[in-house]
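[1] model this:
(2 chains)
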Protein chains: 2
Amino acid sequence: MYLEKINSPEDIKQYTAQDRKKLAEEMRQAIIQRVSVHGGHLGPDLGFVEASIALHTVFNSPEDKIVFDVSHQCYPHKMLTGRSQAYLSPEHYDDVSGYTNPDESEHDFFNVGHTSTSLSLASGLAKARDLKGTHENIIAVIGDGSMSGGEALEGLDTIGEMGTNLIIVFNDNNQSIAEVHGGMYKQFAKLRETHGQYPHNLFRAMGLDYRFVEHGNDTEELIRVFREVKDIDHPIVIHVVTRKGLGYKPAEENKEKWHSCRGFNIATGEKIGKGPNPYFDTTASYLLHRMKWDHRLAAIAAATPSNFGFTPDKRKEAGNQYIDVGIAEEQAAAMASGMAKNGVHPVFATSATFLQRAYDQISQDVCINNNPVTFLVTWAGFEAMNDVTHLGIFDIPMLTSIPNLIYLAPTSVAEYRAILDWSINQKEHPVAIRVPLPMFTDSDSPVQSSYDRLNQSLVTHSGKDIAILGVGNMYHVARKAAAHLKDKGLDVTIINPLFLSGLDTQLLTQLMDSHRLVVTLEDGVLDGGFGEKVAAFYGPTTMRVMNFGLKKEFRDRYDRQELAQENHLTEEQIASDVWDAFCQLK
Amino acid sequence: MYLEKINSPEDIKQYTAQDRKKLAEEMRQAIIQRVSVHGGHLGPDLGFVEASIALHTVFNSPEDKIVFDVSHQCYPHKMLTGRSQAYLSPEHYDDVSGYTNPDESEHDFFNVGHTSTSLSLASGLAKARDLKGTHENIIAVIGDGSMSGGEALEGLDTIGEMGTNLIIVFNDNNQSIAEVHGGMYKQFAKLRETHGQYPHNLFRAMGLDYRFVEHGNDTEELIRVFREVKDIDHPIVIHVVTRKGLGYKPAEENKEKWHSCRGFNIATGEKIGKGPNPYFDTTASYLLHRMKWDHRLAAIAAATPSNFGFTPDKRKEAGNQYIDVGIAEEQAAAMASGMAKNGVHPVFATSATFLQRAYDQISQDVCINNNPVTFLVTWAGFEAMNDVTHLGIFDIPMLTSIPNLIYLAPTSVAEYRAILDWSINQKEHPVAIRVPLPMFTDSDSPVQSSYDRLNQSLVTHSGKDIAILGVGNMYHVARKAAAHLKDKGLDVTIINPLFLSGLDTQLLTQLMDSHRLVVTLEDGVLDGGFGEKVAAFYGPTTMRVMNFGLKKEFRDRYDRQELAQENHLTEEQIASDVWDAFCQLK
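    Predicted coordinates:
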């Protein structure tokens, strides 16, 4: 056994080729075993075992600094940098995150989870090194899928002008999360076919030196090349061809399916299902049905078609009305604006956290031009993803400060479907829809025939004294908190605000007749959120307002229930806090 | 005279080469004349006269659709599409904006002002055309400076996969606003030297067809090439070499100086000065002085060194401690994080409107990692730029919802300098500083020896009943409004909140002892802004709160004073509104 004895990269420096081969095999088995139980990324890590061994054999981390893009391929690196137990002992599986994490190890330099950032981050490490006058190697590891993101391309351009050491390991497995898309990938294929000789080379076109390594899963070949470029005096790209999923047959054969998972049966290759998502199912069935008769409708993905509920079969069904632009949210948003301007209605779906990458394009390309684009904002709310790099809690402040954009938070499948239909039929506004989380499917909020009357909230129960506005997913909590208050004899008004980008000022004014306390619930940060707008509306009046939501902070891998409790967001806490506040009013 | 008779592109289709030559001369003179009086962009438009004539001779706008990047080179296009009077008659100079504008003409497709968007927008027009089954040409015009932006590079990649008509006119004058930076520009130079034969070609590396046009200011050569590619069945890049500023000697000789201006004396080449900016002067002198002894300090520009007050001489003085990454704000922010991680303090300065382009990088690359980067946010507030594409009114919502980021709004040169110094010396936080507008230089807000105690607001006058919090530039208005209220016998408390990313809850709580109304003033949108946070804080209490700020809307070329009045932001209006509200409290 090798792996369990490795406490730092020093421990493998003297390994023989035979040792490394056995180590790789152990690491691969550990990855498969751990992911099968714990879930995580599989294909990217299986493909990068040999390269990680080679990097840590040749370079002296942490003095030499390795930056991983997205960093979902960092498991082998973690195994070799003092964290092997987290991949060998089930009781330690939770000791490490799924991404590089400076809190875990001095060998990790950044918390990373979004794509296409490694080149820019590494360029900063290198520039600082040069200003300080030290001489360590800076290495950026980037997968081919990540290369389609603008930040990576900007990084290449800057690095192409730098005259000092920076080694880019371009991990080319000809696969993004789904299949790769974009003109550069045609040319990468030709580079592979010609052993790196094809002249139309993105890296050389950016002014970079370049080297091709055909066998990117051959540790010894990689070591030879890394030794040759170590301490190089200028930037260079090492184009390494690897096989995503190598060593686990099902993952080699179906790269998209095995990019990541929640666990699986190693013997049968049966994955633990993600559970149904009625919202994604609704999106897919609505769009595919409509596309059959409406050729002026298009679905745009930025490498994550799952946000449409689009399996490979469904993408095929959508035909040329489906476009995947690669990991390029800026392009997706701006392209959508262009399509809308030329008479086609585009729907761009991505998770709240990745939509952040298109903030300026939403504002400038889409909203200043007021073009009718539909954005589907998935995985919003603290009960969605809980990695610090993938939080869905900033969408409300981000989107509701942009003029012209209508942001709606439905509360049920029926309401979601009606709003999606309305958004695609209208031509007046860019619209973003906060797709509810899959556990919240039914509500008593009535479906409207039209949402043309902007900012119209829905009063689903008329009470008195207290009104609770529950945003989207939190509408369900509002109802339950109201039930608790009912037990105490309070008949509170329940409101589904629906529109987050503006207030129903008429309703809010009316509430002043028979209410003294307005309560808002949202599952994102309070700062810049919906509740603050309500508080500001009532600021000059005697109405009391309480905003429930999240404290502004970055939290990693939190327990959802604990976080809710810390922020007083459980139905019981809300009812109790509201009751206390109301009693003080008397 | 040709120009005054041109009402649409149809009018020039039958022109002879001789006619076109004379037309170009007239257009060039009109541009020089208008910009000398009215101000605007000079170099980019002078360089694109011939290409605009050629485009409108060959293509049938608006059926064929031309999209301009940044669109500051669109004056010749506007002249040829029914708007020549706006370039000939001083009384009509204000009829048109400085950018393409669909409200002006059916020949303009987008309001554009940020860089690197044309390829993405055009890809959407083209995709929509294909879905609809029409056959018009889609043309994107993009300058070489714009090519360094990630959105443009993402666009190239998507277009490289498209199999239908899209014509990219790459306007290469080897100049951004300042000099070009980045590896791609070394290779563009080689393409120019080799008449397009150099193999390391960014466009071909993205899978695109390519053609080189050496004489980009030769209308006839351009017409020949455009005719050959008209109705082409796949995307192609036409690499057109032009001369920025052609036809006005000073502009040819100093391209950076004559990129844009506020007016000038044609005969002497003397520009109307921009007026002093004591904040930029302070930044430049502070940084340059410190860089002499502090080699762990760096200044990062994204193509706009003016935000540091860095003239070419000063950039030279900063030496390798100054980096211009090109028009690549994402790269700038992420590179800054990398530098901070490796022990160098980076200062990235850009205008509020362009900082939007790095939202995700600020959040993910910098703030999740909590790396000590200083952002200088220039031209924030509605009294800064007033083009709809360049508004500085969204920075507070954007930045104050991001955890870990400290956002400070100083009110005077002395306070700004102290905060800049503090930010560079500390290692705990990413910090953004809202650089005041140049007309607000002095305030009575005391300079602190440290700003380590976060969120500490400054009470500059203690009164009672009413407290006014004036954010940054608006602190000056707060003082004046307070003076008006003093005239009515009210001694109001005046507060410089200073920190926008958090509240001084201790102070706000204390205010409840002797105040009944808290007033906030800010010069950005109210939605998600500072005032709403104050209103939310007092929501559950009896304190009344009034928020003054801007309604959430996109306004173009507004009169600043009128906009202030519409939003009740003049000192008199504020004093009057507050007085009225206070009287009602009694």
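[2] use CA for all of it now, contacts and neighbours both
    Noted.
[3] which stretches of the stretch 51-200 of chain A form strands?
    Counting by DSSP state E, counting those that start in this stretch, residue ranges of the strands within the stretch 51-200 of chain A are A:65-68, A:138-143, A:166-172.
[4] now the ones you listed in JSON lines, with mean neighbour count?
    Shown next, in JSON lines, are the strands of the stretch 51-200 of chain A (neighbours: other Cα atoms under 10 Å in any protein chain shown):
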{"stretch": "strand A:65-68", "mean neighbour count": "27"}
{"stretch": "strand A:138-143", "mean neighbour count": "26"}
{"stretch": "strand A:166-172", "mean neighbour count": "25"}
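[5] so which of the ones you listed is nearest chain B?
    strand A:65-68 (9.8 Å; Cα to the nearest Cα).
[6] strands paired with the closest one, and their directions?
    strand A:138-143 (parallel) (DSSP bridges).
[7] out of the strands of the stretch 51-200 of chain A, which is closest to residue B:172?
    strand A:166-172 (28.5 Å; Cα to Cα).
[8] residue A:398 - nearest residue in space that isn't next to it in sequence?
    Excluding its sequence neighbours, the residue lying closest to residue A:398 (Cα to Cα, 6 or more residues apart in numbering or on different chains) is residue B:398, at 6.3 Å.
[9] so the one you found sits against residue A:397, correct?
    Yes: taking contacts as Cα atoms under 8 Å, residue B:398 lies within contact range of residue A:397: 7.4 Å.
[10] enumerate the residues of the stretch 201-350 of chain A near chain B.
    Residues of the stretch 201-350 of chain A found near chain B (Cα under 8 Å from any Cα of the partner chain) are A:201-202, A:204-208, A:295-296, A:320-321, A:325-326, A:328, A:330-332, A:334-344.
[11] quick one on the thing from earlier: can you lay out the strands of the stretch 51-200 of chain A as TSV showing mean pLDDT?
    What follows is these, written out as TSV (pLDDT from 0 to 100):
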stretch	mean pLDDT
strand A:65-68	98
strand A:138-143	97
strand A:166-172	98
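[12] so what's the residue count around residue A:18?
    Residues near residue A:18, counting by other Cα atoms under 10 Å in any protein chain shown, number 9.
[13] neighbouring contacts of stretch A:255-268?
    Stretch A:255-268 is contacted by residues A:32-33, A:35-44, A:175-179, A:244-245, A:250-251, A:270-274 when judged by Cα atoms under 8 Å, 6 or more residues apart in numbering or on different chains.
[14] same question but for stretch A:440-452, I mixed them up
    Stretch A:440-452 has contacts (Cα under 8 Å, 6+ apart) with A:278, A:411-415, A:418-419, A:422, A:458, A:460, A:473, A:476, A:496.
[15] only whichever of the residues you listed are buried, select them in ChimeraX.
    In ChimeraX, a selection of the buried entries from the contacts of stretch A:440-452 looks like this (16 or more other Cα atoms under 10 Å in any protein chain shown):
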select /A:278,411,412,413,414,415,418,419,422,458,473,476,496
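[16] which among the contacts of stretch A:440-452 gets closest to residue B:81?
    For the contacts of stretch A:440-452, the nearest to residue B:81 is residue A:422 (36.3 Å; Cα to Cα).
[17] list the contacts for the closest one?
    Here residue A:422 is in contact with A:450-451 (Cα under 8 Å, 6+ apart).
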